[in-house]
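Peer 1: Fold the following and give me the result.
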Amino acid sequence: MAEQALFQPFNRNQQRENLESTKETGLLISLIPSLQEDFYVDSLTTGASKETLSKLLLRNPGIKNETAVIEMIHFLHDEGDRISFSILLPFLVAEYDPKELEEKIRERFFGIELFIHRAKNLYHFLEYVDKKNIVSIEKEDLKRGILAWDMGELISWARIACETGYIDEKTAWEYIKYAGEQCRQTFRNWNEIGKSYLIGQAMITDKKEEADRAIRYFLLATQDENSPWRKNHFSLSTT
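Peer 2: The predicted structure is shown next:
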């Protein structure tokens, strides 16, 4: 049953028009979060009902109105969780055990409990995937950072904001194309983008079921022959 659930069909928009390559690549940056929410994987339109989108907005306690949605999009565009991760990176690659990791962060960032919590989340996730031996997260993956997490979230929020009328279609595509450009400057392939997303999600949550779910979709996105990632040629930016 687990294998059957893993290789489920991708949710495609049968009514979408053909997209130019930059738009398609931008959308596919958020393939894993799209799979998690059962959004269309190949169009600006999510395919979700208004009720579902409203529930997604309510799921984030900080999102209470149109202003908050736009502020979230701006945060992901300008900073996101990349800043937190870059601060934690030296401690992660030093391979401290959990107790040492906490002590070092407390010494360096007195009173910043958020960093300690996120460091613990990351440590346990890296330990977990190493034991499962399904996804290999190397130091180079950590050094590339969590840009794909922030950009995946940016794209998802831009799509939701467009569909709920908070931003127009032109603005949504600008965010999506920006995400694609940023990722092409950082990553060499979809596999690196997927790992970056996994690391970013792991930093935010310590729920094992969410980690397992994200890993399942990562494997689906990178291994299934029908995956849009397998069909889209990801190329580095030439700028």
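Peer 1: Would you mind listing the residues in contact with the residue nearest the centre of the chain?
Peer 2: Of all residues in the chain, the one closest to the mean position by C-alpha atoms, centre = their mean is W149, 2.9 Å from it. With contacts defined as C-beta atoms under 8 Å, 6 or more residues apart in numbering, W149 is in contact with 80-81, 196-197, 199-201, 203. Any C-beta I mention is one placed from the backbone N, CA and C, and that applies to glycine too.
Peer 1: repeat for A202
Peer 2: By C-beta under 8 Å, 6+ apart, A202 lies in contact with 121-122, 125-126, 211.
Peer 1: For I167, see how far away T67 is.
Peer 2: Using C-beta to C-beta, to the nearest Å, one gets 12 Å for the distance from T67 to I167.
Peer 1: more neighbours, the two?
Peer 2: I167 (21 against 10; other C-beta atoms under 10 Å).
Peer 1: Let me see the contact set for that one.
Peer 2: Contacts here follow C-beta under 8 Å, 6+ apart; on that basis I167 touches 70, 73, 158, 161.
Peer 1: wouldn't the second one be in contact with I155 here?
Peer 2: No. Applying C-beta atoms under 8 Å, one finds I73 not in contact with I155, separated by 9.8 Å.
Peer 1: Compare these two (neighbour count), which wins?
Peer 2: Neighbours per residue, other C-beta under 10 Å: of I73 and I155, the larger number sits with I155, 29 against 23.
Peer 1: where does the more buried one land on pLDDT?
Peer 2: I155 carries a pLDDT score of 96 in this model.
Peer 1: Okay, it and I105: tell me how far apart.
Peer 2: Distance, I155 to I105, by C-beta to C-beta: 31 Å.
Peer 1: same deal with L44?
Peer 2: Applying C-beta to C-beta, the value for L44 to I105 is 40 Å.
Peer 1: Over to I116?
Peer 2: Remark: distance between I116 and I105 (C-beta to C-beta) = 5 Å.
Peer 1: returning to that earlier point: ok, of the contacts of W149, which one's closest to W229?
Peer 2: Proximity of those to W229, judged by C-beta to C-beta, is greatest for Y197, which lies at 11.7 Å.
Peer 1: show me what contacts that closest one?
Peer 2: Counting by C-beta under 8 Å, 6+ apart, Y197 has contacts 32-33, 146, 148-149, 152, 214, 218.
Peer 1: what's the most distant pair in those?
Peer 2: Comparing every pair within those by C-beta to C-beta identifies I146 and F218 as the most remote, at 14.0 Å.
Peer 1: okay, these two: which has more neighbours?
Peer 2: Neighbours of I146 and F218, each counted by other C-beta under 10 Å, are more numerous for I146; the result is 29 against 23.
Peer 1: Report pLDDT for the more buried one.
Peer 2: Looking at I146 specifically, the model assigns a pLDDT of 94.
Peer 1: re the thing from before, distance from the helix or strand that contains the residue nearest to the centre of the chain to the middle of the chain?
Peer 2: Applying DSSP states H and E as the criterion places W149 in helix 147-163. Here helix 147-163 is found 9 Å from its chain centre; the criterion is C-alpha atoms, centre = their mean, to the nearest Å.
Peer 1: Contacts for the longest helix along the chain next, please.
Peer 2: Within the chain, and with DSSP state H defining each element, the longest helix by residue count is helix 113-132. The contact list for helix 113-132 (C-beta under 8 Å, 6+ apart) reads 84, 87-88, 91-92, 98, 101-102, 105-106, 109, 135-137, 198-199, 202-206, 208, 211, 215.
Peer 1: need the next SSE after that helix, C-terminal direction.
Peer 2: helix 139-144.
Peer 1: buried ones in that following helix?
Peer 2: Of all the residues in helix 139-144, those buried under the rule 16 or more other C-beta atoms under 10 Å are 141-142, 144.
Peer 1: Which pLDDT value goes with the nearest residue to Y175 once chain neighbours are set aside?
Peer 2: Beyond its immediate neighbours in the sequence, the residue positioned closest to Y175 (C-beta to C-beta, 6 or more residues apart in numbering) is A158, lying 4.1 Å away. In the prediction, the pLDDT value recorded for A158 is 95.
Peer 1: Fine, thanks again, bye for now.
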